[in-house]
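Visitor: Can you look at this prediction? I've put the sequence above it.
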2 protein chains.
Amino acid sequence: MDSDGLTEKTIDTQEIFKGRVVHLFLDNVQLPNGAKATREVVKHPGAVAVIAVNPEGKLLLVRQYRYPLDKIIYEIPAGKLEPGEDPEKAAVRELEEETGYSCAKMERIISFYTTPGFSDELIHLYYTDSLISGQQHLDEDEFLEASAFDLKEAVQMVQSMQIADLKSMYAVQFMQLRAKG
Amino acid sequence: MDSDGLTEKTIDTQEIFKGRVVHLFLDNVQLPNGAKATREVVKHPGAVAVIAVNPEGKLLLVRQYRYPLDKIIYEIPAGKLEPGEDPEKAAVRELEEETGYSCAKMERIISFYTTPGFSDELIHLYYTDSLISGQQHLDEDEFLEASAFDLKEAVQMVQSMQIADLKSMYAVQFMQLRAKG
């Protein structure tokens, strides 16, 4: 047993696949009791997501087909970090690309791991309510529609699974907690 | 453009890797505008997570080394569905394996996708406050410690990133909203 009885040590690592999003490794590791095991890791560049509230107090959501789910769902604006990109700048960029809005101020809320069991994806969550209208400009393989919903509507959309991704559900709870003061 | 202007169509699919956790596919797809693109999909059997509150009103958390993060973090009890397993039974099973507690009643809260950009992982979230003491019994390659924290402590652990995975942070917000009534 090592000192904390929990930590696993890397024996070797093998790159299995490098795609546009998924970068998969298969590692041999030594467990805390000395036994061997394998660990599969999807390395991720990190991402940002934005809670954006318009002057009417409505939450901006993007309606998007998600291929892995074969479903169209509503999510808060979000996207991957570009290499070396500052998360706050990425938050401003993704908000503008997906909704057309720029903003006067972008406030960091918190960061979280989405799937610690098999990926290191870390999402940095931001908040803004200082939106400035502009023009949506999507990536060439990106198709989505932006719209705005009040908190009551958003809570209902969670119940009906129109909002069904965890980061957006966290954002709705964040707004509920803020509304309760 | 297809009717909704958002949906992508599968042209073909190729299995890249099948591990213990990660089952990776690379698909060629047709975009809404008729152009071609590739999509990487990690297929997942689904999972359960449990908000478990003990008779002192404290939230059960498991302290676990997460290899993809190279970090020890606290999470709510959780685990993958076994083939064909009923989610409620899996919630009862994972709670008992990881914390030793069985329970008289397990209530379904909601389900969510953790990473819709590259995986179909769906987690079913349950709640129980009818715990019955027992004995922890982990998988042979699983090493974790269970303990209980009051809500104020859990909120601080989110701020300090000791609780840093999104499902557990969602659980803490859920308890905060419940406490506010």
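Guide: Good, I have the coordinates. Residues are numbered from 1 along each chain as shown, chains lettered A, B, ... in the order given.
Visitor: Please name the bridge partners of the nearest residue to A:K58 once chain neighbours are set aside.
Guide: Nearest residue to A:K58, sequence neighbours excluded (CB to CB, 6 or more residues apart in numbering or on different chains): A:A148, at 3.7 Å. For the C-beta atoms, the positions are set from N, CA and C on the backbone; glycine is no exception. Following DSSP bridges, A:A148 is listed with bridge partners A:L60.
Visitor: Tell me, what's the model's pLDDT at A:A148?
Guide: Predicted confidence (pLDDT) for A:A148: 96.
Visitor: same check, this time on the one 3 residues further on
Guide: Per-residue confidence (pLDDT) for A:L151: 98.
Visitor: Near it, how many other residues are there?
Guide: A:L151: 16 surrounding residues under other CB atoms under 10 Å in any protein chain shown.
Visitor: That one reaches A:M175, doesn't it?
Guide: Yes. In this structure, A:L151 is within contact of A:M175 by CB atoms under 8 Å, at 5.3 Å.
Visitor: And the longest helix seen in chain A, what's buried?
Guide: Ranked by residue count, the top helix of chain A under DSSP state H comes out as helix A:166-180. Buried residues in helix A:166-180, counted by 16 or more other CB atoms under 10 Å in any protein chain shown: A:166-176.
Visitor: Mind putting those residues into CSV with distance to B:E97?
Guide: Below are the buried residues of helix A:166-180 laid out as CSV (distance: CB to CB, whole Å):
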residue, distance to B:E97
A:L166, 23
A:K167, 28
A:S168, 30
A:M169, 26
A:Y170, 26
A:A171, 32
A:V172, 31
A:Q173, 28
A:F174, 31
A:M175, 35
A:Q176, 32
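Visitor: just checking: which of those residues also lie near chain B?
Guide: When contact is defined as CB under 8 Å from any CB of the partner chain, the buried residues of helix A:166-180 meet chain B at A:166-167, A:169-170, A:173-174, A:176.
Visitor: Please convert these to JSON lines, extending it with pLDDT and distance to A:A35.
Guide: Putting these into JSON lines (pLDDT from 0 to 100; distance: CB to CB, whole Å) gives the following:
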{"residue": "A:L166", "pLDDT": "98", "distance to A:A35": "33"}
{"residue": "A:K167", "pLDDT": "98", "distance to A:A35": "35"}
{"residue": "A:M169", "pLDDT": "98", "distance to A:A35": "37"}
{"residue": "A:Y170", "pLDDT": "98", "distance to A:A35": "36"}
{"residue": "A:Q173", "pLDDT": "98", "distance to A:A35": "40"}
{"residue": "A:F174", "pLDDT": "98", "distance to A:A35": "41"}
{"residue": "A:Q176", "pLDDT": "97", "distance to A:A35": "45"}
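Visitor: In terms of secondary structure, what does the longest helix of chain A contact?
Guide: Counting contacts by 3 or more CB pairs under 8 Å, 6 or more residues apart in numbering or on different chains; DSSP states H and E, helix A:166-180 packs against strand A:47-52, strand A:59-66, strand A:71-75, strand A:107-113, strand A:122-128, helix A:151-159, strand B:107-113, helix B:166-180.
Visitor: Can you tell me which of the ones you listed is most buried?
Guide: Mean neighbours per residue, mean count of other CB atoms under 10 Å in any protein chain shown, is largest over those for strand A:47-52, with a mean of 26.
Visitor: just checking, what packs against that one?
Guide: Under the contact definition 3+ CB pairs under 8 Å, 6+ apart, strand A:47-52 sits against strand A:59-66, strand A:78-80, helix A:87-99, strand A:122-128, helix A:166-180.
Visitor: now the ones you listed in CSV, with distance to A:M106?
Guide: What follows is those, written out as CSV (distance: least, CB to CB, whole Å):
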stretch, distance to A:M106
strand A:59-66, 13
strand A:78-80, 14
helix A:87-99, 5
strand A:122-128, 5
helix A:166-180, 15
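Visitor: okay, now the domains of chain A?
Guide: What automatic domain parsing lists as the domains of chain A is A:9-43, A:47-180.
Visitor: Output these as TSV; include the columns distance to B:P116.
Guide: Shown next, in TSV, are these (distance: least, CB to CB, whole Å):
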stretch	distance to B:P116
domain A:9-43	12
domain A:47-180	4
